[in-house]
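Enquirer: Here is a sequence together with a model predicted from it:
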Amino acid sequence: MKLELSMVQLWEYIFDPIIPPDQTYQPRAFRVWTANNRLACSFVKRAISQSEQKLCMDIDNPIELWAYLKGRHGGAVPVKQVRLLQEALTMRCSQSESLTKT
């Protein structure tokens, strides 16, 4: 994730917060900052599963989003594996379609 965020110049919006410019004195810079802030959130949300996207849909601050995801996963591999298994076991398959399509 660090590489991808760095490539699109959004790393700082999550891990080294950029102070938003003053909306009154620097309206253009503020619009750019707001757009990049939104883009950073979208970029992270695009990298997670759809079920997780639904859980954090209302979070529009990239720092808060990252903190939420970090807290949810806790960096513990076994916990992540259990969640992935739970997600896999709750998926429904159709008998009329092959597994690669469902």
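Expert: Noted; the coordinates are in hand.
Enquirer: got a list of contacts for the worst-scoring helix or strand of the chain on mean pLDDT?
Expert: Least confident helix or strand of the chain, by mean pLDDT, DSSP states H and E, is helix 77-90 with a mean of 72. Helix 77-90 is contacted from outside by 49, 51, 73, using C-beta atoms under 8 Å, 6 or more residues apart in numbering. Every residue, glycine included, has its C-beta placed from N, CA and C.
Enquirer: Quick check: nearest residue in space to the first one, chain neighbours excluded?
Expert: Read it as residue 49. In space, and not counting its chain neighbours, residue 49 is closest to residue 87: 6.9 Å by C-beta to C-beta, 6 or more residues apart in numbering.
Enquirer: and the helix or strand harbouring residue 6, which residues are buried?
Expert: Assessed by DSSP states H and E, residue 6 sits inside helix 2-7. Using 16 or more other C-beta atoms under 10 Å as the burial criterion, the residues of helix 2-7 that qualify are residue 5.
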